[in-house]
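> Sequence and computational prediction follow.
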There are 2 protein chains.
Amino acid sequence: MPPRDEHDYEARRQQIIDAALQVFSREGFEKATNKDIARAARVKSPGLIYHYFKDKTDLFQQVIEERAPALQFILRADEMIDLPPREVLTEFALTFVAMLDNRASVAMFKMLLGESIRKPAVAAMFNHIAPVRGVTFLTRYLEHQMDIGTLRRMDAGAAARCLIGPLIAFVLTREVFVQADAATLTSKTMVQATVDVFLDGMAVKQDSGSA
Amino acid sequence: MPPRDEHDYEARRQQIIDAALQVFSREGFEKATNKDIARAARVKSPGLIYHYFKDKTDLFQQVIEERAPALQFILRADEMIDLPPREVLTEFALTFVAMLDNRASVAMFKMLLGESIRKPAVAAMFNHIAPVRGVTFLTRYLEHQMDIGTLRRMDAGAAARCLIGPLIAFVLTREVFVQADAATLTSKTMVQATVDVFLDGMAVKQDSGSA
DNA sequence: CAATCTTGATTGACTGGTCAATCAACTATC
DNA sequence: GATAGTTGATTGACCAGTCAATCAAGATTG
């Protein structure tokens, strides 16, 4: 049963996927009903969903597959490997927090995080999008910079988490826990602080350490 | 209707709460059924739950109220405010990651995180336990240390996230996303790296900065 | 070019099953 | 024997998924 009009068919399908992303993100997979999704997609019957998707799980998977790219970092890894840390890490951090400005990206992030906690399969999918792409690049880059002496040598995986961690904490305190002080903290300030602390440390400069 | 035996009553109640924590943590609030919880609590009827709790939501709230202390940081804030950063922050980080060694704490963490994403009320509860207690203390401590010149001056909220963020990233990559390299990274290494990077920075010592 | 046919798209009603919550009855304890 | 504790059955609501019927629009035919 080929679609009557390929273009119309795809448009309607995307319309349902968009609606499903919002509802899954807001309610979670279990609580989201087909009725909710149909209403959000402005179609009058939940039954129509089954014309475009096999079942609720299939719809969920299609949402991930077709909207996950919104969370991809477009980083030209090879070009950047030899650029100086401040430049590369600032761009990395900015790319990461830029997600916050995109409604669909935030919804996607929440949906994936929420389901990843109970569903290892979803966690694995998440791993193949944002974190691994990002952390893999970061770990490799930091290791290379340690090799050429630009950065202090240490566990590269731990170091990668020291850079990406503050950004994750920022996103979580803003979008999930809605902490009061997160509102007054701008993305720019946070990126700056993260990169500065990571590179220069909190120690007063003239002294080598603290404590 | 006072309990026949206060001790027995409380024991059974705790038994159900323990079971509920495990099931809520594994399945999430919506998917967790009273039957699952009854089975996990080794009681033969879901109906019994209603002898001890008003409804499913009440049970959920009781689980949080009675098991949340597992996530509390026992930090003697006032005694620590003037101790040197390396000591205080190391203890803070160790207390934070110590949660990983406790099965109930990990379950509690997952349950709260999973529900916080969709339920602002739960997020608010979470705020009044771990993060706010921790971040509030941390922010205050860092601000004080900046005042007395031990640490570089900057946005204290951003700084607090720079310390706690890597630890959160570590917990998430271990317990939620189950990333391969997280298994080889020990708590001790991660705490060490976090505190070191936070205090000393990644910059090679003899040079003040990098890039 | 109009009537009819064909087919994909859409709807709303329906079904089988699940679940939270209730209830009546049974058991153990004081 | 009264009452708390416990059980299994029951109820009523809700939901994923199915389905028959309708609609709309293009193709076919006379």
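Yes, it's here. Numbers count the residues shown, from 1 in each chain, chains lettered A, B, ... in the order given.

> alpha carbons only for contacts and neighbour counts from here, please
Will do.

> Now for chain A, the helix or strand with the poorest mean pLDDT.
Using mean pLDDT, DSSP states H and E, helix A:77-80 stands out as the lowest-scoring helix or strand of chain A, at a mean of 82.

> CA atoms only for that one, dumped as PDB, please.
Extracted in PDB, the C-alpha atoms of helix A:77-80 (Å, rounded to 0.1, in the frame of the first residue of the first chain):
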ATOM      1  CA  ALA A  77      37.300  16.600  15.000                       C
ATOM      2  CA  ASP A  78      40.300  16.100  12.700                       C
ATOM      3  CA  GLU A  79      40.700  19.800  11.900                       C
ATOM      4  CA  MET A  80      40.600  20.700  15.600                       C
END
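
> Per-residue pLDDT of the closest residue to A:L100 other than its chain neighbours, please?
Leaving aside its chain neighbours, A:L100 sits nearest to A:V106 (6.0 Å; criterion: CA to CA, 6 or more residues apart in numbering or on different chains). Here the pLDDT value assigned to A:V106 is 95.

> what comes up buried for the least confident helix or strand of chain A?
For helix A:77-80, burial by neighbour count (16 or more other CA atoms under 10 Å in any protein chain shown) applies to no residue.

> for the helix or strand following that helix, packing partners?
Downstream of helix A:77-80, the next assigned helix or strand under DSSP states H and E is helix A:85-98. Helix A:85-98 makes packing contacts with helix A:156-175, helix A:187-200 when contacts are defined by 3 or more CA pairs under 8 Å, 6 or more residues apart in numbering or on different chains; DSSP states H and E.

> Buried residues of the longest helix along chain A, list them for me.
For chain A, the helix that runs over the most residues, judged by DSSP state H, is helix A:6-27. Residues of helix A:6-27 classed as buried: A:13-27 (neighbour count, 16+ other CA under 10 Å).

> just checking: which of those also lie near chain B?
Of the residues in the buried residues of helix A:6-27, proximity to chain B by CA under 8 Å from any CA of the partner chain holds for A:25-27.

> In JSON lines: those, plus pLDDT.
Listed next are those as JSON lines, based on pLDDT from 0 to 100:
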{"residue": "A:S25", "pLDDT": "97"}
{"residue": "A:R26", "pLDDT": "97"}
{"residue": "A:E27", "pLDDT": "97"}
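
> circling back to that earlier point, could you list every helix and strand in contact with the longest helix of chain A?
With contacts taken as 3+ CA pairs under 8 Å, 6+ apart, helix A:6-27 sits against helix A:34-40, helix A:56-67, helix A:103-116.

> Can you give the distance from that helix to the centre of its chain?
Relative to its parent chain, helix A:6-27 has a centroid offset of 20 Å by CA atoms, centre = their mean, to the nearest Å.

> what's the angle from that helix to helix A:56-67?
Counting by axes from the mean of the first three to the mean of the last three CA atoms, to 10 degrees, helix A:6-27 lies at 100 degrees to helix A:56-67.

> right, is helix A:6-27 up against DNA strand C?
Yes: using CA under 7 Å from any atom of the strand, helix A:6-27 reaches DNA strand C at A:9, A:12.

> quick one, that helix and helix A:103-116 angle?
Comparing the axes of helix A:6-27 and helix A:103-116 via the same axes, to 10 degrees yields an angle of 60 degrees.

> Now the spatially most central residue of chain A. Nearest residue, chain neighbours left out?
Centroid check for chain A by CA atoms, centre = their mean gives A:L71 as the closest residue, at 4.5 Å. Nearest non-adjacent residue to A:L71, counting by CA to CA, 6+ apart: A:A130, 5.8 Å away.

> Buried residues in stretch A:89-106, which are they?
Here stretch A:89-106 shows A:89-90, A:92-97, A:99-100, A:104-106 as buried, counting by 16+ other CA under 10 Å.

> can you check stretch A:40-48 too?
Those would be A:40-41, A:43, A:46, for stretch A:40-48 by 16+ other CA under 10 Å.

> pLDDT for those residues - can I get that in a markdown table?
Putting the buried residues of stretch A:40-48 into a markdown table (pLDDT from 0 to 100) gives the following:
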| residue | pLDDT |
| --- | --- |
| A:A40 | 96 |
| A:A41 | 97 |
| A:V43 | 96 |
| A:P46 | 96 |
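
> Going by distance to B:M80, which of these wins?
A:A40 (52.2 Å; CA to CA).

> which residues sit in contact with the closest one?
Shown in contact with A:A40 (CA atoms under 8 Å, 6 or more residues apart in numbering or on different chains): A:19-20, A:23.

> Let's see that with 6 Å instead.
Neighbour list for A:A40: A:A19 [criterion: CA atoms under 6 Å, 6 or more residues apart in numbering or on different chains].

> swap in the one 3 residues further on?
Listed by CA under 6 Å, 6+ apart, A:V43 has no contact partners.
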